[in-house]
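Engineer: Return atomic coordinates for the entry below.
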Amino acid sequence: MIKIGDLAKICNVSTQTLRYYDSEGVLKADVISQSSGYRFYSTEAVEKYKQILFYKNLGFSLDEIKKIQVAKSDELRDILQKKKDELSCSIDKFKNQIKIINEICENGLKKPVLSEILLLPFENDPQVVGKWQLCGKLLDENELTSLKKVNAGIADEEIIFMPGGAFAWKYFWTKGILYRLSPKYKFAIPNSYRTVEQDGTRYIIMQFMSDDCIDKGVDSVTLLYRQIDTVAYTEQKIRRNIDKTELPFVEDKSVQGEWTALDLVPDISKFSPNKRYSNDKNIYVININFLPRGICTRRIRTMSRSSNLMLRYTKGFVLDDKEMTAEEYQIKVIDGEEFLFVQHKSGDYFYGGMMPHWYVFKRKEKII
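Structural biologist: I've put the predicted structure just below:
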């Protein structure tokens, strides 16, 4: 009999992986000592491990390998044919994704419009549901340790795959594709992914197209993400910040009237009436109108058009019950002119936990 440590050396694999294979039922120990808990294997375990590795390299999951191990010749042929069909389908899907990405890089024919993508059929991939943590840029897809640090701002440190492909911050997905909403380019960018397992841990290898890639017209970046958990997250669970919006109404006549958006600044002190901080394409709010009795409307630019949002307010705060945000507002007089500053609490705030920026408005019409 072979001890688990010796088998690990022979197969050039960790004992952790062998224990994981044992628990998954693909490479069971022949004997487990009741006194010490040590695992012992027969000599056939070496060939069995080689078979597991062979099928893993062909893209088979451990569950599929378990079926192969007990399959008869006809059943094995059916399993192999099914995997062949899946791989052929994946090749076609990847080719289409590459085509779309090339069109984006070359400012080509048609951007992937959000409304059209959402109408496409959803294909589930249960094993990706949960939270994933960025490991880094992968230099060699066959060697998961060949990592390089990713520059800040290129990719998010954590990504959550919600059940059913639902939105989580700026991401949604279907099997093989993670879509990222780009506010800068105003469309959904597809990023192909595939899952791999190593030493009992599941990873995602992703061809990630960042805004920086589009800016520079370069290829996507290969990123490696490690699965942290398999939790079926809900909206409430993934939010880092949830504001109290059940505030009593206090009238504020000083803010009533229509205000036109001028700028978006990280802090009130950064605003100057004589110099813009943000350019027009980064300013999504067009105006805000404070009406009597605690009602206000905000007109915003979306990816395809503009729309009006009906909100509430009380003295000092704009309240959004749907997004569960209470955005502080202040009126300041600068160089003899009134300016309204309103916090912008987007997904960066309630999902990413970042400090909110401030929209700057100038009064258009005051209610008398």
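Engineer: can you give me the strands for the stretch 201-350 of the chain?
Structural biologist: Under the criterion DSSP state E, counting those that start in this stretch, the stretch 201-350 of the chain contains strands at 201-208, 221-227, 257-265, 285-291, 295-301, 306-314, 317-320, 325-334, 337-344.
Engineer: Out of those, the one nearest V150 is which?
Structural biologist: V150 lies closest to strand 221-227 among these, at 6.9 Å (C-beta to C-beta). From N, CA and C alone the C-beta is placed, and that goes for glycine too.
Engineer: Report the angle between the closest one and strand 201-208.
Structural biologist: Strand 221-227 runs at 150 degrees relative to strand 201-208, counting by axes from the mean of the first three to the mean of the last three C-alpha atoms, to 10 degrees.
Engineer: partners of strand 221-227, with directions?
Structural biologist: strand 130-138 (antiparallel), strand 201-208 (antiparallel) (DSSP bridges).
Engineer: Now tabulate these in TSV and tack on mean pLDDT.
Structural biologist: Formatted as TSV, the strands paired with strand 221-227 follow (pLDDT from 0 to 100):
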stretch	mean pLDDT
strand 130-138	96
strand 201-208	96
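Engineer: In this protein, where is pLDDT below threshold?
Structural biologist: The chain contains residues with pLDDT under 70 at 97, 100-101, 103-113, 115, 303-304, 365-368.
Engineer: roughly how far is the longest helix along it from the heart of the chain?
Structural biologist: Longest helix in the chain by number of residues, with DSSP state H as the criterion: helix 73-105. Remark: helix 73-105 is offset 23 Å from the chain centroid, using C-alpha atoms, centre = their mean, to the nearest Å.
Engineer: what's the angle between that helix and strand 201-208?
Structural biologist: Going by the same axes, to 10 degrees, helix 73-105 makes 40 degrees with strand 201-208.
Engineer: Is it possible to get a markdown table of the strands of the stretch 201-350 of the chain that adds mean neighbour count?
Structural biologist: Formatted as a markdown table, these follow (neighbours: other C-beta atoms under 10 Å):
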| stretch | mean neighbour count |
| --- | --- |
| strand 201-208 | 20 |
| strand 221-227 | 21 |
| strand 257-265 | 20 |
| strand 285-291 | 19 |
| strand 295-301 | 17 |
| strand 306-314 | 15 |
| strand 317-320 | 21 |
| strand 325-334 | 16 |
| strand 337-344 | 18 |
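Engineer: tally of neighbours for K137?
Structural biologist: Using other C-beta atoms under 10 Å, K137 has 18 other residues around it.
Engineer: and the gap between it and I205?
Structural biologist: Going from K137 to I205 by C-beta to C-beta, to the nearest Å gives 11 Å.
Engineer: so what sits against both of those two?
Structural biologist: 222-224 (C-beta atoms under 8 Å, 6 or more residues apart in numbering).
Engineer: so which of the residues you listed comes closest to E235?
Structural biologist: L223 (25.3 Å).
Engineer: Tell me where the stretch 101-250 of the chain has helices.
Structural biologist: With DSSP state H, counting those that start in this stretch applied, the stretch 101-250 of the chain shows helices at 114-118, 211-216, 235-238, listed in chain order.
Engineer: Report all helices and strands that the helix or strand harbouring D63 contacts.
Structural biologist: Using DSSP states H and E, D63 sits within helix 62-70. Contacts defined by 3 or more C-beta pairs under 8 Å, 6 or more residues apart in numbering; DSSP states H and E place helix 62-70 against helix 15-24, helix 44-57, helix 73-105.
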